[in-house]
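> can you look at this prediction? I've put the sequence above it.
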Amino acid sequence: MARKFFVGGNWKCNGTTEEVKKIVTILNEAEVPSEDVVEVVVSPPFVFLPKVKGILRPDFQVAAQNCWVRKGGAFTGEVSAEMLVNLCVPWVILGHSERRSLLHESNEFVGDKVAYALSQGLKVIACIGETLEQRESGSTMDVVAAQTKAIADKVTNWANVVLAYEPVWAIGTGKVATPAQAQEVHLELRKWLHDNVSADVAASTRIIYGGSVNGANCKELSAKPDVDGFLVGGASLKPEFIDIIKSATVKKE
Ligand SMILES: O=C(CO)COP(=O)(O)O
């Protein structure tokens, strides 16, 4: 089954009303491949979501950067999956490494969040990835397999899940994984899905790469057979995000 290229823009905790307008204007004026070729999802901070959704071109979608693990209620400061559904926000990013490390979100907590968000009808960009220390000690695959297993243990239907492999050492560092490094982990993850979930899920689930992706390095990465798109941080706030979207048409090796 062909996997449609997916490009996510994670704006993280950035932007003012003015900057948000500017970014959306750039996106809206860009000529990019059609929705049949590439799925584009931008993820502003919660407070800008309704605004961005209201002015963004209809062929692009929005994602929240997080949501609460269960039904909303007395959880000060949290935003529930139900609220996102109510606002017609179709996607949510869960398990980002910044939340795993800074806010101590465990594999199990992320797995619960993914399952709950899916149960409410959201589509999920689920993030996994190893630290530099883990890579250097040779445990990359063990780490990403454990993170994926915590999700797989709670999820039965993978149709609305995109798996984002984001090595922590590559995030915001300018130190992008080589295309060979990304391909190696993506292929291993696909094998893991094949052996532990199903052949269908392995073949159809999009595995996207994140970590210092920019307009210059995206083409080489997107040529790799198991790189089904990107989750972009810093460069998603700049005009080069358009070049990254366009890398959807790069021929696979
Ligand atoms: O964390 C990321 C996307 O979620 C990647 O961030 P950078 O592209 O800024 O390295």
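Ah, there it is.

> now the residue in the stretch 101-250 of the chain positioned nearest to the ligand: phi and psi?
The minimum distance from the stretch 101-250 of the chain to the ligand, using CB to the nearest ligand atom, falls at Gly233 (2.2 Å). C-betas here are computed from N, CA, C, even on glycine. Dihedral pair for Gly233: phi -100, psi -100, per degrees, to the nearest 10.

> so it sits against Gly210, correct?
Yes - assessed by CB atoms under 8 Å, Gly233 is found in contact with Gly210 at 7.0 Å.

> quick one: low-confidence parts of the protein?
Applying pLDDT under 70 to the chain flags residues 1.

> residue ranges of the strands in it, please?
For the chain, the strands defined by DSSP state E cover 5-10, 38-43, 60-64, 91-94, 123-128, 161-165, 206-210, 229-232.

> so which of these is the most surrounded?
Compared across the strands of the chain, strand 229-232 shows the largest average neighbour count, a mean of 30 (mean count of other CB atoms under 10 Å).

> other SSEs contacting that one?
Here strand 229-232 touches strand 5-10, strand 206-210, helix 218-222, helix 240-246, going by 3 or more CB pairs under 8 Å, 6 or more residues apart in numbering; DSSP states H and E.

> what about Asn203, neighbour count?
Slight slip there: residue 203 is Ala, not Asn. Using other CB atoms under 10 Å, Ala203 has 13 neighbouring residues.

> what separation is there between it and Val110?
Counting by CB to CB, to the nearest Å, the separation of Ala203 from Val110 is 24 Å.

> what does the stretch 101-250 of the chain have sitting close to the ligand?
Residues of the stretch 101-250 of the chain lying close to the ligand (CB under 6 Å from any ligand atom) are Glu166, Ile171, Gly172, Gly210, Gly211, Ser212, Val213, Leu231, Val232, Gly233, Gly234, Ala235.

> are any of those buried, and which?
Buried members of those, counted by 16 or more other CB atoms under 10 Å: Glu166, Ile171, Gly210, Gly211, Ser212, Val213, Leu231, Val232, Gly233, Gly234, Ala235.

> and these, which is closest to Leu122?
Minimum distance to Leu122 across those is 16.4 Å, recorded for Leu231 (CB to CB).

> residues contacting the nearest residue to the closest one once chain neighbours are set aside?
The shortest distance from Leu231 to any non-neighbouring residue, by CB to CB, 6 or more residues apart in numbering, is to Gly210 (3.5 Å). For Gly210, the contacting residues are 8, 10, 127, 129, 164-166, 170-171, 230-233, by CB atoms under 8 Å, 6 or more residues apart in numbering.

> and stretch 71-83, how far from the chain's centre?
22 Å (CA atoms, centre = their mean, to the nearest Å).

> what sits closest to Val40 if chain neighbours are left out?
Val40's closest residue in space is Phe60 (CB to CB, 6+ apart), at 4.5 Å.

> could you do Gln181 as well?
Nearest non-adjacent residue to Gln181 (CB to CB, 6+ apart): Pro167, at 7.9 Å.

> quick check, that neighbour in contact with Leu231.
No - using CB under 8 Å, Pro167 is not in contact with Leu231; the gap is 11.7 Å.

> what is the burial count for Lys22?
Neighbours around Lys22, by other CB under 10 Å: 14.

> try Phe241
With other CB under 10 Å as criterion, Phe241 counts 27.

> tell me who's in contact with it.
Taking CB under 8 Å, 6+ apart as the test, what Phe241 contacts is Val7, Gly9, Ile26, Leu27, Gly215, Val232, Ala235.
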